[in-house]
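> dropping a prediction and its sequence here:
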2 protein chains.
Amino acid sequence: MSEKTAAILAIGDELLSGRTRDANIGYLAGWLTERAIALKEARIVADDEPAIVEALNALRARYDYVFTSGGIGPTHDDITYAAVAAAFGRKVVEHPMAIGLIRAWYEARGEEVTPARRRMALMPAGAELVLNPVTGAPGVKIENVFVMAGVPSIFKGMLNAIETALERGVLIHARAVTAIGLPESRIAEQILAVQSALNGVTLGSYPIDGDEKGVTIVARSSTASTADAAIASVAAAMRALGFDPVEGERPGR
Amino acid sequence: MSEKTAAILAIGDELLSGRTRDANIGYLAGWLTERAIALKEARIVADDEPAIVEALNALRARYDYVFTSGGIGPTHDDITYAAVAAAFGRKVVEHPMAIGLIRAWYEARGEEVTPARRRMALMPAGAELVLNPVTGAPGVKIENVFVMAGVPSIFKGMLNAIETALERGVLIHARAVTAIGLPESRIAEQILAVQSALNGVTLGSYPIDGDEKGVTIVARSSTASTADAAIASVAAAMRALGFDPVEGERPGR
C-alpha cells in the first residue's frame, strides 16, 4: 500500500483578516494522521474566485485527496461552489438531491425554504453529496476533492460522514520524549547521531514555548520497535546531559 | 497609496501531523490588518526543501511582503535557511553579525557556543538580520521576504523588531453587528441589498458556531461613515425580522 497524501484549502476573508482563527487545518491534520493519510500542504485564500481556482487546481493535481472548508453557506459572500465549478470547467446547477435535503430539513422545523436557502443547492454539475449531519445543507465531492463547510462543528460532522470513502495509507508509529529545561541546541548533535544510526526513523525536535522551556523529541517510523529504540537512545542522551526525560509530550499538553 | 499585500508561509512537519496547531498565521493576520497591510494568502508546508522553494518563489513573486515562520533553529530538521537560499539562488554562509549575536547571547549566560548553536548563523548570503529580542539567534530579511522563527513568542518578538521596515497601506474601517439566534439564511437577501445600495463597502456574513447560534455581519470600507451606514441598515433589517441586534462581535468573543 503506497502512501496516501492530502491537502486542505481553507477559504474565507475572515481567516486572513484576523477576525477568525482557522480551526479546521489543525483538526484535519490530527484526524488524517490517525487514519494514516499524510497531510502535505495547507493553504488559506480569500473568498476570491481566481485565487480559489488556482489553488484548487494546483492541489488536486498533486495530492490524492483535497479538502476545502468554507464558503458554501447561503449568503452572497459564499462563492466556493461557483469557484470549484470553474476549476473543474463545469456549470453550476441545482442539485436535485441537495434541494430535497434542504427542503426536508427546513420543513421539518416549520421554516420556509427561502431563495437564500435554495442557493445552497446550487452546486457544480455532476457532484456527489457530502452529508451534513449538523445543519442539513450538504457539501460535495468531485473527483478527489471534498468541498465542506467552514463552521468547525459542521466541518467535523462532514468529515465523519466521508470517513469510509477514504483509502488509508501505512500507519506511522510516533513516540516522544520530553526534557523540561533542556535547550534543544544542547542535544542537537546527539539526536542527529541517533537518526543516522537507525534506519527508517525520522526525528523531530520541538522546543517548548512559554516559561518552563525545554524540548520534545518525536521519533516517527513505520516500525514501532524502531521508534521505541530511537526514543530510548534520545532519553539516554538527555540523562547524560543531567536532565530527566519524561515519556511522551510535555505533561499537561 | 496603493494597497500593500502580504503572504505567510508556515514551515514545519509538526503543523501538518496535528502535533502542533499553527498560531502564527492567525496572529499575523490580525497584526497586519491593524497596520493596513492585506494578508492575501497563507500556506503551510513540511520541512521539505523542494516544497519550501516552490511555495516561497510563488508567493514572493506575487505579494509585497512574505513572512515565513519555522525551521531556523539549531537541530538537523531546521532546513529553512538552506531552502530560502536555494529559492534565491544564493549560497549558505556564516553571517558575521549573526554569529556575533549568538556568541554574545550564550556567553552572557555562561553557556558554550556549540556547533549546533553556530549552525543558526548559517544563512543565505547577503541577508540582512531580523533581530530576536527573545532568544538571541536572529532571523533574516532578503528582498521582500522575512524569515522568522516558528515558536510563537519569538515570532511575535521578531515582528515587533521589523515593524518600522514595513510600508503601510490604506486603513480599512470595519464595523460589525450580531444577532443571537438569527440564522444567516434568513437575512442573506437583505445584506446583499445593503451591499448593492452602498458604494465601496464589502459585507461579510459569519455564522456563530456553538450552542447559541446566530450571525455576525461585518462591513468593511475605506470610509468609516460608509461602514457605519451599512451596519445601521443591517441592524434595521435584523430588527424587522424580530431579532435584537448587538453592536460588534458576539459578546465575550
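Looks like it arrived, so ask away.
> go ahead and confirm residue A:107 touches residue A:117.
No: judged on C-beta atoms under 8 Å, residue A:107 makes no contact with residue A:117 at a distance of 10.8 Å. Yep, even glycine has a C-beta here, placed from its N, CA and C like the rest.
> which one of the two has more residues nearby?
Neighbour comparison, residue A:107 and residue A:117: the larger count goes to residue A:117, with 23 against 11 (by other C-beta atoms under 10 Å in any protein chain shown).
> who are the packing partners of the host helix or strand of the more buried one?
Remark: residue A:117 resides in helix A:115-119, with elements defined by DSSP states H and E. Using 3 or more C-beta pairs under 8 Å, 6 or more residues apart in numbering or on different chains; DSSP states H and E, the elements in contact with helix A:115-119 are helix A:96-108, helix B:184-197.
> repeat that for 10 Å
helix A:96-108, strand A:136-142, helix B:184-197 (3 or more C-beta pairs under 10 Å, 6 or more residues apart in numbering or on different chains; DSSP states H and E).
> what is the mean pLDDT for the last one?
Across helix B:184-197, the average pLDDT comes to 93.
> buried set for that helix?
Within helix B:184-197, the residues scored as buried using 16 or more other C-beta atoms under 10 Å in any protein chain shown are B:184, B:185, B:186, B:187, B:188, B:189, B:190, B:191, B:192, B:194, B:195.
> ok so, going back, just the buried residues of the helix holding residue A:117, please?
By 16+ other C-beta under 10 Å, the buried positions in helix A:115-119 come out as A:116, A:117, A:118, A:119.
> same deal with stretch A:48-61?
A:49, A:51, A:52, A:53, A:54, A:55, A:56, A:58, A:59, A:60.
> keep only those that also lie close to chain B.
A:51, A:54, A:55, A:58 (C-beta under 10 Å from any C-beta of the partner chain).
> among these, which one lies nearest to chain B?
residue A:51 (7.1 Å; C-beta to the nearest C-beta).
> got the CA coordinates for the helix holding residue A:117 in CSV?
What follows is helix A:115-119 as a C-alpha-only set of coordinates in CSV (Å, rounded to 0.1, in the frame of the first residue of the first chain):
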residue,chain,number,x,y,z
PRO,A,115,-34.1,31.8,-2.1
ALA,A,116,-31.0,32.1,0.1
ARG,A,117,-31.5,28.6,1.4
ARG,A,118,-32.2,27.2,-2.0
ARG,A,119,-28.9,28.8,-3.1
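> and the next helix or strand past it?
Using DSSP H and E, the first helix or strand after helix A:115-119 is strand A:122-124.
> what packs against that next one?
Under the contact rule (3+ C-beta pairs under 10 Å, 6+ apart), strand A:122-124 is packed against helix A:80-88, strand A:92-94, helix A:96-108, strand A:136-142, strand A:145-148.
> with distance to chain B and mean pLDDT added, can I get those in TSV?
As requested, those are exported to TSV (distance: least, C-beta to the nearest C-beta, whole Å; pLDDT from 0 to 100):
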stretch	distance to chain B	mean pLDDT
helix A:80-88	14	98
strand A:92-94	16	97
helix A:96-108	9	94
strand A:136-142	9	95
strand A:145-148	14	98
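> now for the helix or strand bottoming out on mean pLDDT in chain A, which elements pack on it?
Ranking every helix and strand in chain A by mean pLDDT, DSSP states H and E puts strand A:246-247 at the bottom, with a mean of 90. The contact analysis (3+ C-beta pairs under 10 Å, 6+ apart) places strand A:246-247 against strand A:173-180, helix A:224-240.
> and the contacts of that strand?
Contacts to strand A:246-247, defined as C-beta atoms under 10 Å, 6 or more residues apart in numbering or on different chains, come from residues A:175, A:176, A:177, A:178, A:179, A:180, A:214, A:216, A:231, A:235, A:238.
> which residues pair with the closest residue to the second one other than its chain neighbours across the strands?
To tie it back to what came earlier, the one meant is residue A:176. In this structure, residue A:176 finds its nearest non-sequential neighbour in residue A:218, 4.6 Å apart by C-beta to C-beta, 6 or more residues apart in numbering or on different chains. Note on residue A:218: beta-bridge partners by DSSP bridges are residue A:176, residue A:204.
> which residues touch residue A:218?
By C-beta under 10 Å, 6+ apart, the contact set of residue A:218 is A:174-178, A:202-206, A:227, A:230-231, A:234, A:248-249, B:13-14, B:17, B:19, B:77.
> one more pass at 7 Å, please.
Taking C-beta atoms under 7 Å, 6 or more residues apart in numbering or on different chains, we find residue A:218 in contact with A:174, A:176, A:204, A:206, B:19.
> so which bits of the stretch 101-250 of chain A are right by chain B?
Taking C-beta under 7 Å from any C-beta of the partner chain as the contact definition, the stretch 101-250 of chain A meets chain B at A:114-117, A:151-153, A:184-186, A:188-189, A:191-192, A:195, A:204-207, A:209, A:218.
> now the helices and strands packed on helix A:115-119 as JSON lines including distance to residue A:72?
Compiled in JSON lines, these are given as follows (distance: least, C-beta to C-beta, whole Å):
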{"stretch": "helix A:96-108", "distance to residue A:72": "11"}
{"stretch": "strand A:136-142", "distance to residue A:72": "6"}
{"stretch": "helix B:184-197", "distance to residue A:72": "12"}
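> does the residue nearest the centre of chain A sit in a helix or strand, and which one?
Taking C-alpha atoms, centre = their mean, the centroid of chain A lies closest to residue A:28, which sits 2.6 Å from it. Counting by DSSP H and E, the element that carries residue A:28 is helix A:24-34.
> which parts of that helix are buried?
A:24, A:25, A:26, A:27, A:28, A:29, A:31, A:32, A:33.
> helix or strand right after that helix?
strand A:37-45.
> name every strand pairing with that next one and say which way it goes.
Here, using DSSP bridges, strand A:37-45 pairs with strand A:4-11 (parallel), strand B:37-45 (antiparallel).
> any idea which of those strands gets closest to residue A:243?
Among these, the nearest to residue A:243 by C-beta to C-beta is strand B:37-45 (31.0 Å).
> what's the next helix-or-strand element following that closest one packed up against?
Counting by DSSP H and E, the next helix or strand C-terminal to strand B:37-45 is helix B:49-62. Counting contacts by 3 or more C-beta pairs under 7 Å, 6 or more residues apart in numbering or on different chains; DSSP states H and E, helix B:49-62 packs against strand B:4-11, strand B:37-45, strand B:65-69, helix B:80-88.
> redo that, cut-off 10 Å
strand A:37-45, helix A:49-62, strand B:4-11, strand B:37-45, strand B:65-69, helix B:80-88, strand B:145-148.
> quick one: contacts of it?
A:40-41, A:43, A:54, A:58, B:5-11, B:40-46, B:48, B:65-68, B:70-71, B:79-80, B:82-88, B:142-145, B:147.
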